[in-house]
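Trainee: only geometry, no sequence info:
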């Protein structure tokens, strides 16, 4: 910027004679000091001029700086202003009055500012390093403008033109401003523009990619919906395929097993009976394999559901013991079940699936155990939480057979229930069971333990060749435990054994406010407990766990049991005579340890003079010793075969002591008398298009005294069941040509409803309908498949229940007992 040339005023240039004298006034304010460049104002009275006086007086009263209007400066004749401040003798407060300020005024301080110089300096600061040139021109004559201010040097740079108005309408003026040098490239604007362009391109690309992605997602969604529909259709087809295959396989198997069962009731020699039993066992194994494959398929499709029925837990485990008793006796492996007294008698849940879990676990234990024992224990969860030491020691002195076992505490180590703070139960108000299956078998190799619950996976390739099996039993068990809101785990030590533990949640079966189907089929302990009520028994067994299990089963019959560890304690207890001992039960280990001592004990019993001597029973796990009622020539010694369970124990005691029913029903099978009492004289219609199934079903029902009529088609069944009729029940097959069992049942129910309606409104008389006002014949489906959807369809169409092919006495009894009494 052009600098304004400011020459100082020297004393030689100052001529006081030329200055006018100050007028006479009350006070004066002469300039007593000034910078060299304006020294010519020294001695000038600032109060002489009117405008100067007003500014000075105003500055003195206000205590603030006062700026004058622009005026021509002396000497330079350039426009300028004066900024005036008052100087006070003492410090004044901010709220001082004008009079206080006037009295305290000591002088004034003024500053003279050259406006043109200020503007030029300001322009220079605004332009930073670039000098701004300002030209003021008289442009009245456009062809020859006259320069009034600034340099006439031309520049090719850009300039800004402003028009000035000095109040003369005949003359024109303008001000031109430009940089002295060429302006730099506007890199900021360039980079900003480029950045905006790049951002715009990126946004466009993102938007384009987003649109394409949305379109692709929509296409993928449509494809997924199509695949979903295909998968659902495939799932339906799979379910239908399973139902069809199950029916087609189980239907001939029903004929095979049914005919074999009927053949066993004929006169056969020992060899023929063995052949028939072998064929029947093979058929049942095939049916079990079919059921496992179907269960695995239902698990994969998420269609496996549980029932909610009332059942007796102890009776269920007795049935499982009966199932494996023969194998355990053949191997010489001791098999036992112990259920805590705190576990309720009746529970509400799915007994079939619970039995399936126990059967899978015990089946594996039987398969891999050649010596020692297999023990199943059932406790309430709170028992284990309150006392974590419940039968968990693994020392040989505290196991069922004396063999060491894997510590069962390690099998539930990862359960969530035991890892919660305070060990709170997750399902309060329900019955939370913890079940352990302990064996002394081969154990599971460490490298194979991680795939125990993997479907179709076995420990090694030789396992299936040696022991058989498909490798899906444990996988199914894990799924069933999950459906029961429980957990499953295991601990296994090679060459020692394995312990599997699972939890399950049930409801209490004691509530009478709800109606449930009863599953109490073989609970004979209640019926025979009155035969032994008040009796006392003495159990001789030195092993605490085994004695506890034996005592549990004996006490189920209502017998009070005292446990001693040897002969001496036994004789001492009997000799005291405080309470009469009616029976002595001796563990075979004690008997075989010293036969002389055993014989002496029997001899001493007969010499005790406290009434008739007690009956002596030998608890034997050996199949050879259980075939007779005497051992080693000792009389009055009755052998009770293990595993102990209520039915067999009661039958043995009844025979020996002459009380109650002296019969000995077969293990796990209902007495024929129960079904015969229900079915004797009942007229039953069987509907099935398969002649073999008709023969099997008719033979099974005729065996129990039923009057059976057969029909091969659904239309025939409708005509036979048109009211009035004399049938007490109908067993109807589901899959039949022309009209299936579902449609036939619907039509039968429609006929019954119409008949009942006519009777109620009086269109038909009771005499013409055998004095029956409400017709409803029980219809039970005979289904060879076990798909849950089939069972639900049976109930929807009006059927009253279903029985699976082939007929099982237990299921048949359970269903018909709901209608016949």
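Mentor: Structure received. It should be emphasised that the depicted structure is a prediction, and the values quoted were computed from it without experimental measurement.
Trainee: Longest strand in the chain, please.
Mentor: As assigned by DSSP state E, the longest strand anywhere in the chain is strand 497-508.
Trainee: Which secondary structure elements does that strand sit against?
Mentor: strand 346-349, helix 351-368, strand 431-439, helix 473-483, strand 488-493 (3 or more C-beta pairs under 8 Å, 6 or more residues apart in numbering; DSSP states H and E). Where you see a C-beta, it was placed from the backbone N, CA and C, and this is true even at glycine.
Trainee: So which of the ones you listed is the most surrounded?
Mentor: Sort the helices and strands packed on strand 497-508 by mean neighbour count, taking mean count of other C-beta atoms under 10 Å, and strand 431-439 sits at the top with a mean of 25.
Trainee: next one: it to chain centre, how far?
Mentor: 22 Å (C-alpha atoms, centre = their mean, to the nearest Å).
Trainee: hang on, residue 580 is in a strand, isn't it?
Mentor: No: looking at residue 580 with DSSP: H, G, I helix; E, B strand; the rest coil, it is coil, so not inside a strand.
Trainee: wait, doesn't it sit right on residue 534?
Mentor: No: assessed by C-beta atoms under 8 Å, residue 580 is found out of contact with residue 534, at 9.9 Å.
Trainee: who's more crowded, these two?
Mentor: Between residue 580 and residue 534, counting by other C-beta atoms under 10 Å, residue 580 is the more crowded of the two (13 against 10).
Trainee: Now the more buried one. Its backbone dihedrals?
Mentor: phi -70, psi 140 (degrees, to the nearest 10).
Trainee: Would you check how far apart the closest residue to residue 412 other than its chain neighbours and residue 263 are?
Mentor: Sequence neighbours aside, residue 501 is the residue nearest to residue 412 in space, at 4.9 Å (criterion: C-beta to C-beta, 6 or more residues apart in numbering). Distance of residue 501 to residue 263, given as C-beta to C-beta, to the nearest Å: 42 Å.
Trainee: In terms of packing, which of the two has more residues around it?
Mentor: Neighbours were counted for residue 501 and for residue 263 using other C-beta under 10 Å; residue 501 has more, 25 against 15.
Trainee: any idea how far that one lies from residue 384?
Mentor: Distance check for residue 501 against residue 384: by C-beta to C-beta, it reads 10 Å.
Trainee: Please name the nearest non-neighbouring residue to residue 452.
Mentor: Residue 452 sits nearest to residue 474 (C-beta to C-beta, 6+ apart), 5.8 Å away.
Trainee: That neighbour: what's it in contact with?
Mentor: Counting by C-beta atoms under 8 Å, 6 or more residues apart in numbering, residue 474 touches 360, 364, 452, 453.
Trainee: Residue 256 now?
Mentor: Applying C-beta under 8 Å, 6+ apart, we find residue 256 in contact with 279, 283.
Trainee: swap in residue 800?
Mentor: Applying C-beta under 8 Å, 6+ apart, we find residue 800 in contact with 778, 779, 780, 818, 819.
Trainee: hmm, try it at 10 Å
Mentor: Residue 800 makes contact with 729-730, 745, 776-781, 794, 815, 818-819, according to C-beta atoms under 10 Å, 6 or more residues apart in numbering.
Trainee: Which of the residues you listed fall within strands?
Mentor: Short answer: these in strands (DSSP E) are 729, 730, 779, 780, 781.
Trainee: Any figure for the gap between the last one and residue 351?
Mentor: The reference is to residue 781. Distance check for residue 781 against residue 351: by C-beta to C-beta, it reads 20 Å.
Trainee: What of residue 332?
Mentor: For residue 332, the distance to residue 351 equals 30 Å [C-beta to C-beta].
Trainee: Also residue 361?
Mentor: 16 Å.
Trainee: Helix or strand with the lowest mean pLDDT in this structure?
Mentor: The weakest-scoring helix or strand in the chain, judged by mean pLDDT, DSSP states H and E, is helix 461-467 (a mean of 48).
Trainee: quick one: the longest helix belonging to the chain to chain centroid distance?
Mentor: Using DSSP state H, we find that the single longest helix of the chain is helix 187-264. Offset of helix 187-264 from its chain centre (C-alpha atoms, centre = their mean): 23 Å.
Trainee: Downstream of that helix, the next helix or strand is which one?
Mentor: Using DSSP states H and E, the helix or strand that directly follows helix 187-264 along the chain is helix 270-301.
Trainee: can you state the direction angle for that next one and helix 473-483?
Mentor: Calculated by axes from the mean of the first three to the mean of the last three C-alpha atoms, to 10 degrees, helix 270-301 forms an angle of 50 degrees with helix 473-483.
Trainee: I'd like the next helix or strand past helix 270-301.
Mentor: Downstream of helix 270-301, the next assigned helix or strand under DSSP H and E is strand 309-312.
Trainee: list the buried ones in the helix or strand that that following strand is followed by?
Mentor: Helices and strands here follow DSSP H and E; after strand 309-312, the next one along the chain is helix 313-331. Buried residues in helix 313-331, counted by 16 or more other C-beta atoms under 10 Å: 313-325, 328-329, 331.
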